[in-house]
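Enquirer: Need a 3D model of the following:
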Amino acid sequence: MICFDGRVLRRPVTTLLTTVLGGLLGALLVLGAEVPADAARPHKRVPVCPPVTLSESTKAAMAVFSGVVSEVQRGPRPDGLPGAIYLQTVTVDQVYQGKVTTETVTVQTDRNRTSCSLGALTQGTEYMFFVTGTGDPWVASGTSGTRVSTDPVVSQVVDLLGPGAPPIEPTPESATFTPVDTSDPQSFSRTAAPGGALVLVGLLGLVVVRGLSRRSV
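Expert: Residues are numbered from 1 along each chain as shown. Below you'll find the predicted structure:
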C-alpha cells in the first residue's frame, strides 16, 4: 500500500523540478550559442533630427509649398560620406512662399549616417516642404522642418503665410512691334511734281499780269 503523504512525495517532486530546470537551462545555452555574434553588439545610434517650429522653418526657407511625392530616385553622395542622395519628383498643390512656377518640381534630400537627415520620402504621401536652393533642384535638409502635411500643419502655415495659391507659370512678355512702311520709295519726278506744278502756275499768273498791264497802257 502506497501512502501519498508529504514525506513520501517530497523526493520525487524535487527530482522532477531539478530535471525540468536543467533541461530549460540547456535549451537556453543552445539558443544562445546560435545567436549571431553581431546581434549582441550595440547598434549605432541613428542621429535624430531636433524639433523645429513652423515659424523657424518659414523664416529659413526660400520656398514653402505642399505637394505629393510621385517618384523617388536614389544616388550616391557626391561628398563621399556614407549614405545616399534622393531626388523626389513632387506634384505641387499649393505655394505659400517663394517662386514656384511649375506644377512639378524636384526636391533633394539626403541620408547621412553621422548627422540629421530626412532620407527618402514616402511615395504617394503629401508633404509640407520648407526648402532652399534655386529650384533646380530644391533642397530639404534634415533641419528644414519638412514634414508630412496634415490639417494642423496646413492650418499653422496658413496662419503664418496666408492661404497660398496654386503654382502659376509666368506670363511671357508680349513684344510691341512698330509698323514699317514697306512700299517702294517714290521717284524724284513724282515727289517734285507738285512743287513743279505750283511753280508753273505762278509763272503763268505772272505772264497774265504783265499782259494786262501792257493793255492798260
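Enquirer: for this structure, what's the longest strand?
Expert: The single longest strand within the chain, with elements called by DSSP state E, is strand 83-97.
Enquirer: Which other helices and strands does that one contact?
Expert: On a contact count with 3 or more C-beta pairs under 8 Å, 6 or more residues apart in numbering; DSSP states H and E, strand 83-97 meets strand 63-75, strand 104-112, strand 126-133, helix 151-161. Backbone N, C-alpha and C define where each C-beta goes, glycine included.
Enquirer: Could you dump the ones you listed into CSV and include mean pLDDT, distance to Gln88 and mean neighbour count?
Expert: As requested, those are exported to CSV (pLDDT from 0 to 100; distance: least, C-beta to C-beta, whole Å; neighbours: other C-beta atoms under 10 Å):
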stretch, mean pLDDT, distance to Gln88, mean neighbour count
strand 63-75, 97, 5, 17
strand 104-112, 95, 5, 20
strand 126-133, 97, 9, 22
helix 151-161, 97, 18, 14
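Enquirer: Contacts for stretch 64-76, please.
Expert: Stretch 64-76 has contacts (C-beta atoms under 8 Å, 6 or more residues apart in numbering) with 57-58, 84-98, 100, 104-105, 120-131, 149, 154, 157, 161, 164, 167.
Enquirer: Mind doing that once more with 7 Å?
Expert: With C-beta atoms under 7 Å, 6 or more residues apart in numbering as the test, stretch 64-76 has contacts from 58, 84-98, 100, 120-130, 149, 157, 161.
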